[in-house]
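# I'd like to go over a predicted model; first the sequence, then the structure.
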There are 2 protein chains.
Amino acid sequence: MKKLVVVGLGLIGGSLARDLKLRMDYKVYGVDNNINHINKAIELGIIDEEGSLNDVADASVVIVAVPVNVMPEVIKKVLDKVGLETLVFDVGSVKNEICKAVEYHPNRKNFVAAHPLAGTEFSGPEAAILDLFDDKVNIICEADKTDWRILDNAISLFKKLNMHIKMMNPVEHDRHIAYVSHLSHVSSFMLGKTVLEIEKNEQAIFDMASTGFASTVRLAKSSSSTWTPIFLGNKENVLQSLKEYIKNLSEFKEMLENEDAEGLNKTMNNTNYIKKVLNGIEQNN
Amino acid sequence: MKKLVVVGLGLIGGSLARDLKLRMDYKVYGVDNNINHINKAIELGIIDEEGSLNDVADASVVIVAVPVNVMPEVIKKVLDKVGLETLVFDVGSVKNEICKAVEYHPNRKNFVAAHPLAGTEFSGPEAAILDLFDDKVNIICEADKTDWRILDNAISLFKKLNMHIKMMNPVEHDRHIAYVSHLSHVSSFMLGKTVLEIEKNEQAIFDMASTGFASTVRLAKSSSSTWTPIFLGNKENVLQSLKEYIKNLSEFKEMLENEDAEGLNKTMNNTNYIKKVLNGIEQNN
């Protein structure tokens, strides 16, 4: 039976293991610094047994799904040990640093820099769910640096997950993802922080959550150990978007202070255009 | 057949009409300045026929579901014409101004100041849906100023909608709702604005929306003609929460600029407490 090694048994690594085991009939080895994650993943049937980096040599596929700050180091360790035909891919939300770190690795050609755009606000092996990746986008960076047979294997695997593949350069990826995804997380975390600070009545928060708060603050439940390295790893892009966000909020505040009904109305009305962009599915896909 | 008059055939007025017609067997009269709304509401079976404020005198129930800036004026006009036993309630998201406006009206006792905490980001009669209010909270303000028989009718009606009733003073209501609901809307609108401004690649927004952006920006699809009057009507509370929000975002920005991993981690980790508050359902309800 073909061997799949998953390094990092969190939400993404665990969910990939679940789907791939079922859809491609792998024997799954899990690697994680946290022994509780290993035990939980075995108990939940996410992995077949604990593995180690020594399992990499004869593995068909190795998935690296660790926090982005340790990603370069772990990927390099994995690449040091890969077999000739082993496919290694990561799932990191920041791509430029990772691509640069492995650029001159002798086994760079075994590696696919990937970012499956899927997830929930939960974390750890308990959060791993089936069918998480169906119909989601998977971004591949610097595909030209991967051996074409390895890349072909990766694409077959992503197709089994029913993902839509997009090629992107890592600098562009990091910019786009900061603007669209990372900024949303900052916005949501700080909304949660603000409401916890100013609204001391937790029952009122609970009672009123159905008015839009629950969905807007959802991302503030995300794991800080996942997100601290992401923000730091994409610092300049996140800062740029955050500055624009603060500027827009400050302008909104001024309009409200001045009771500028026309200005408020216009700015919200223009922003409704986001509806069209998000409904693009019919035209674009 | 008992007569229900709905003034304002948008998302909330229309959804109430749909449920109450089905669950309580009313003949429903719709009043709206916009003739397209009237026609659409008849076509969709939301109302039985167009009505006018003259229908108020022999109506069992009158619902006022217009934008909050015109709410005081419309409620007063309705109260001028009510029959002795007519229940009038509003659904406004800002309550203090409304309560003050009707405080000394001779028919104040026919009025229930209500705020059903339910909705979607859509608007107009097409957005009216069944079962919108089930299991949602309905806040009643200054119930002591309503005749007890009228109040009893209102409570029976809200029970038919399967709503949980909470009593609250209007000043407190406006403060809580600014912090929890109105701030979420500002946050989401400005997130949408920022992303539209800095991310010129609409395909990238579309492709990457599954990473948390779609849910965080959902409220930015809301109607500006509903939300401009709400923000203006609750100006001081919204401004206070907005200032705190901008302060927290600026502090986050500074931590990121300083690469303060510990600070970022701590602030996000503390904010994860929102999970517990939002899961309060088991303990609190």
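Sure thing, it's come through.
# tell me the SS of residue A:166?
Of the three states, residue A:166 takes strand according to DSSP: H, G, I helix; E, B strand; the rest coil.
# burial of it, as a residue count?
17 (other C-beta atoms under 10 Å in any protein chain shown). C-beta coordinates here come from the backbone N, C-alpha and C atoms, glycine included.
# for it, give me its contacts.
A:137-140, B:207 (C-beta atoms under 8 Å, 6 or more residues apart in numbering or on different chains).
# which residues in the stretch 101-250 of chain A form strands?
For the stretch 101-250 of chain A, the strands defined by DSSP state E, counting those that start in this stretch cover A:111-116, A:137-141, A:164-168.
# who does the longest one touch, helix- and strand-wise?
Applying 3 or more C-beta pairs under 8 Å, 6 or more residues apart in numbering or on different chains; DSSP states H and E, we find strand A:111-116 packed against strand A:87-90, helix A:96-102, strand A:137-141, helix A:148-160, helix A:170-177.
# can you tell me which of those is most buried?
Among the helices and strands packed on strand A:111-116, the stretch with the highest mean neighbour count (mean count of other C-beta atoms under 10 Å in any protein chain shown) is strand A:87-90, at a mean of 26.
# need the residues that contact that one.
A:56, A:60-65, A:71, A:75, A:78-79, A:82, A:98, A:110-114, A:150, A:153-154, A:157.
# cool, and stretch A:225-244?
Contacts of stretch A:225-244 (C-beta under 8 Å, 6+ apart): A:10, A:67-70, A:93-94, A:97, A:123, A:174-175, A:177-179, A:182-183, A:185-186, A:189, B:194-195, B:197-198, B:249, B:252-253, B:256-257, B:259, B:261, B:264-265, B:268.
# cutoff 7 Å now
Residues from elsewhere that reach stretch A:225-244 (C-beta atoms under 7 Å, 6 or more residues apart in numbering or on different chains): A:67-69, A:93-94, A:97, A:123, A:174-175, A:178-179, A:182-183, A:185-186, B:194, B:197-198, B:249, B:253, B:256-257, B:259, B:261, B:264-265, B:268.
# ChimeraX command for the buried members of these?
Entered in ChimeraX, the line below selects the buried ones among those, by 16 or more other C-beta atoms under 10 Å in any protein chain shown:
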select /A:67,68,69,93,94,97,123,174,175,178,179,182,183,185,186 /B:194,197,198,249,253,256,264,265,268
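# how near is residue A:66 to chain B?
Applying C-beta to the nearest C-beta, to the nearest Å, the value for residue A:66 to chain B is 16 Å.
# can you pull the contacts of the closest residue to that residue other than its chain neighbours?
With sequence-adjacent residues excluded and distances taken as C-beta to C-beta, 6 or more residues apart in numbering or on different chains, residue A:66 is closest to residue A:8, at 3.9 Å. Neighbouring residues of residue A:8 by C-beta under 7 Å, 6+ apart: A:32, A:64-66.
# for those residues, which single residue is the most surrounded?
residue A:64 (26 neighbours).
# that one bridge partners, please.
residue A:7, residue A:90 (DSSP bridges).
# domain map for chain A?
For chain A, automatic domain parsing gives the domain ranges A:3-168, A:173-284.
# turn the ones you listed into JSON lines, columns for distance to residue B:39 and mean pLDDT.
Converted to JSON lines, these look like this (distance: least, C-beta to C-beta, whole Å; pLDDT from 0 to 100):
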{"stretch": "domain A:3-168", "distance to residue B:39": "38", "mean pLDDT": "97"}
{"stretch": "domain A:173-284", "distance to residue B:39": "23", "mean pLDDT": "94"}
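# leaving out chain neighbours, which residue sits closest to the residue nearest the centre of chain A?
Nearest to the geometric centre of chain A sits residue A:93, at 4.6 Å (C-alpha atoms, centre = their mean). Closest residue to residue A:93 apart from its sequence neighbours, by C-beta to C-beta, 6+ apart: residue A:230 at 5.0 Å.
# how many residues are close by that neighbour?
Residue A:230 has 22 nearby residues by other C-beta under 10 Å.
# what's the answer for residue A:260, then?
Residues near residue A:260, counting by other C-beta under 10 Å, number 16.
# quick one: contacts for the closest residue in space to residue A:56 that isn't next to it in sequence?
Leaving out its chain neighbours, the residue that sits closest to residue A:56 by C-beta to C-beta, 6+ apart is residue A:81, at 4.3 Å. Listed by C-beta under 7 Å, 6+ apart, the contact partners of residue A:81 are A:53, A:56-57.
# hmm, who's touching stretch A:115-135?
A:9-12, A:14-15, A:18-19, A:37, A:40-41, A:44, A:46, A:91-93, A:95, A:136-139, A:161-163, A:173, A:218-219, A:221-223, A:226, B:208, B:210-211.
# now the terminal residues of that stretch, how far apart.
Distance between the two ends of stretch A:115-135: 14 Å, counting by C-alpha to C-alpha, to the nearest Å.
# tell me how far it lies from the chain's centre.
Offset of stretch A:115-135 from its chain centre (C-alpha atoms, centre = their mean, to the nearest Å): 9 Å.
# would you mind listing the buried residues in that stretch?
By 16+ other C-beta under 10 Å, the buried positions in stretch A:115-135 come out as A:115-121, A:123-128, A:132-133.
# the residue nearest to the centre of chain A touches residue A:176, doesn't it?
No: counting by C-beta atoms under 7 Å, residue A:93 stays clear of residue A:176, with 11.5 Å between them.
# mind listing the residues bridging to residue A:141?
Bridge pairing for residue A:141 - DSSP bridges - gives residue A:113, residue A:168.
# which ones are touching it?
A:95, A:99, A:113, A:168-170, A:173 are the contacts of residue A:141 under C-beta under 7 Å, 6+ apart.
# now it: how far from residue A:16?
18 Å (C-beta to C-beta, to the nearest Å).
# same thing with residue A:56?
For residue A:56 relative to residue A:16 (C-beta to C-beta), the value is 16 Å.
# neighbour count: these two, which is higher?
Neighbour totals were compared for residue A:56 and residue A:16, and residue A:16 leads with 27 against 24 (other C-beta under 10 Å).
# surely the more buried one is in contact with residue A:63?
Yes: with contact defined as C-beta under 7 Å, residue A:16 reaches residue A:63; the gap is 5.6 Å.
# name the residues contacting each of these two.
Jointly contacting residue A:16 and residue A:63 under the rule C-beta under 7 Å, 6+ apart are residue A:6.
# burial of the nearest residue to residue A:280 once chain neighbours are set aside, as a residue count?
Nearest residue to residue A:280, sequence neighbours excluded (C-beta to C-beta, 6+ apart): residue B:206, at 4.3 Å. Neighbours of residue B:206 under the rule other C-beta under 10 Å: 21.
# residue B:206 reaches residue A:275, doesn't it?
No: if you go by C-beta under 7 Å, residue B:206 and residue A:275 don't touch, sitting 11.9 Å apart.
# interface residues of the stretch 51-200 of chain A facing chain B?
A:117-119, A:136-137, A:166, A:176-177, A:179-181, A:183-199 (C-beta under 7 Å from any C-beta of the partner chain).
# rewinding a little: which one of the contacts of residue A:8 is nearest to residue B:23?
Checking these against residue B:23 by C-beta to C-beta gives residue A:65 as the nearest, at 49.3 Å.
# phi and psi next, for that closest one.
Residue A:65 has phi and psi values of phi -130, psi 60 when expressed as degrees, to the nearest 10.
# report the contact partners of it.
Applying C-beta under 7 Å, 6+ apart to residue A:65 gives the contacts A:6-8, A:10, A:12-13, A:16, A:91.
# what's the distance between it and chain B?
Counting by C-beta to the nearest C-beta, the gap from residue A:65 to chain B is 16 Å.
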